[in-house]
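Asker: return atomic coordinates for the entry below.
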Amino acid sequence: MFYLVGLPDSAVKESHQRIISALQVSGYKMPTSNIVINMAPADIRKEGSAYDLPLAVGMLAASETISDEKLSRFLIMGELSLDGSIQPMKGALPIAIKAREESFEGLIVPAQNAREAAVVNNLNVYGVTHIKEVIEFFSGKRELTPTMVDTRTEFYNQQEIYEADFADVKGQENVKRALEVASAGGHNAIMIGAPGSGKSMMAKCLPSILPALTLKESLETTKIHSVAGKLSKNSSLISCRPFRAPHHTISQVALVGGGSTPQPGEISLAHHGILFLDELPEFSRNALEVLRQPLEDRKISISRIKWSVEYPASFMLIASMNPCPCGYYNHPTKACVCNPGQVQKYLNRISGPLLDRIDIQIEIVPVPFDKISSSQAAEPSHVIRQRVKNARKVQEDRFKEHPGVHCNAQMNSRLLARYARPDDKGLELLKHAMHRLNLSARAYDRILKVARTIADLEGSPTIQSPHLAEAIGYRNLDRENWAG
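Answerer: Predicted structure coming up:
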């Protein structure tokens, strides 16, 4: 008889049949005595098929089929197939980190996950393809070769690989400038323009001007993707900032995380990167409203009756939208067929509190033919990226005594009063804009943050009137004549 206790889910309970078949194919038999496996602690639900391999090895060791002499020095995880081969699993990197913390000598995982786990130093990681390799290793009949990954070399060699470059974008200099400011300060941005004006293309170019990931950021991001099972086979660290672009039909759970088996959502998969929401008004209003808390706190807390989990969600929100249902409101050459009520109704699909949390709102007009046909090369991303990196370096020095704050977009009211105080002339300009545009207190803070970033890009220690004027100009949707 075989008993498995300790709140196993269906996948864990079904391991019995997989283990029997894998052992028989490999020339071993299941112990004939009664088997009771207690998965402690008994009050935490055990989920997933990665318990197959350790359960099989544990039973063989308990029946003295293999030696248990060195078993306690190794952490073992992996899913078994009926033929004894070992299938990949989720979460190998966090498991490897925990194995090192618990002072295990080595970690045995599926070969497809070996490189992912091997980025953890001071831990021997062995990739195996069949249960027979593991049995013979603990029986002393085989030696396993640890997987070696030169983490830093691979990481830095892959950092400069980008799919899109701003050199390919003709015209749209004002939008490129707005995206440069957004990148320099970590600000959220929304682009409003007619179909075909280049919104999606410029969003895809954005990772190429962001500062490269640090090793710490890369490790955090890779852990999230590992838990979600989003890493490709034989991959190691994520070296480029994530760019997540979910479709507007995405559910609330898929966007923010959760589910019956808690999983990170798109906002956590975009951690230290970009979440691009194309056609923002088409997204479910409920899904968009849930973004408000993580945009402020840079984490998402999900609570249910039986569990509570917190995922990191420090991302740049980049959104795009048409200005109206037909897409041609304010178009220089095509007439809009929507009446003012339709335009306002379309815009109202996005709540005011969410728009308040988007620092930069920039309107895009189509590129003229002479710009499209021009053979003159546009400014490449690596030039823009250097300016962004210089501005970020200023911010790192500024906030080095403030843990958890790394860029201007993360400043709270106290830091704003200390580092983003405009002069009297600037205050008068800001007061006039506040009254004319009827801005909220949050919008006031956003303008100051963006102005601080613009000053950093220019190397100015103080915020001056031109910086404020440019920042106010990035509140396009707050204009009283917008949408009629």
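Asker: so after the helix or strand where Thr153 lies, what's the next helix or strand?
Answerer: Taking DSSP states H and E as the definition, Thr153 sits inside helix 151-157. Next helix or strand after helix 151-157 toward the C-terminus (DSSP H and E): helix 173-185.
Asker: which SS class is Tyr311?
Answerer: Judged by DSSP: H, G, I helix; E, B strand; the rest coil, the three-state class of Tyr311 is strand.
Asker: got it, and the one 3 residues further on?
Answerer: The three-state label given to Ser314 by three-state DSSP is coil.
Asker: that one and Ile274 touch, don't they?
Answerer: No: contact status for Ser314 versus Ile274: not in contact, 11.3 Å apart, counting by CB atoms under 8 Å. C-beta: built from backbone N, CA, C; applies to glycine.
Asker: and the helix holding Thr153, how far out from the chain middle?
Answerer: Relative to its parent chain, helix 151-157 has a centroid offset of 20 Å by CA atoms, centre = their mean, to the nearest Å.
Asker: swap in stretch 457-467?
Answerer: How far stretch 457-467 lies from its chain's middle: 31 Å, per CA atoms, centre = their mean.
Asker: in it, which residues are buried?
Answerer: Leu457, Ile463, Gln464, Ser465, His467 (16 or more other CB atoms under 10 Å).
Asker: could I get it in PDB with only the CA atoms?
Answerer: Taking Å, rounded to 0.1, in the frame of the first residue of the first chain, the C-alpha atoms of stretch 457-467 are listed here in PDB:
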ATOM      1  CA  LEU A 457      19.300  65.600 -18.200                       C
ATOM      2  CA  GLU A 458      20.600  69.100 -18.700                       C
ATOM      3  CA  GLY A 459      22.900  68.900 -15.700                       C
ATOM      4  CA  SER A 460      21.100  71.600 -13.800                       C
ATOM      5  CA  PRO A 461      21.200  71.400 -10.000                       C
ATOM      6  CA  THR A 462      18.000  73.400  -9.700                       C
ATOM      7  CA  ILE A 463      14.600  73.300 -11.400                       C
ATOM      8  CA  GLN A 464      14.200  76.300 -13.700                       C
ATOM      9  CA  SER A 465      11.200  77.700 -15.500                       C
ATOM     10  CA  PRO A 466      12.000  76.000 -18.900                       C
ATOM     11  CA  HIS A 467      12.100  72.700 -17.100                       C
END
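Asker: ok, back up a step: put together a markdown table for the buried residues of stretch 457-467, with pLDDT on each row.
Answerer: Compiled in a markdown table, these are given as follows (pLDDT from 0 to 100):
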| residue | pLDDT |
| --- | --- |
| Leu457 | 96 |
| Ile463 | 93 |
| Gln464 | 92 |
| Ser465 | 92 |
| His467 | 94 |
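Asker: now the two most distant members of these.
Answerer: Greatest spatial distance in those: Leu457 and Ser465, 15.9 Å, computed using CB to CB.
Asker: tell me where the stretch 201-350 of the chain has helices.
Answerer: Using DSSP state H, counting those that start in this stretch, the helices found in the stretch 201-350 of the chain span residues 215-227, 252-256, 266-269, 285-290, 292-297, 340-347.
Asker: so of these, which one's packed in deepest?
Answerer: Of the helices of the stretch 201-350 of the chain, the one with the most neighbours on average (mean count of other CB atoms under 10 Å) is helix 266-269, at a mean of 24.
Asker: beyond the least confident helix or strand in the chain by mean pLDDT, next helix or strand please.
Answerer: One helix or strand of the chain scores below all others by mean pLDDT, DSSP states H and E: helix 369-372, with a mean of 64. Using DSSP H and E, the helix or strand that follows helix 369-372 in sequence is helix 381-398.
Asker: which other residues reach that following helix?
Answerer: By CB atoms under 8 Å, 6 or more residues apart in numbering, the list of residues contacting helix 381-398 from outside reads 162, 165-167, 176, 180, 183-185, 205, 208-211, 406-408, 419, 453, 456-457, 459.
Asker: out of the residues you listed, which end up buried?
Answerer: 162, 165-167, 176, 180, 183-185, 205, 208-211, 406-408, 419, 453, 456-457.
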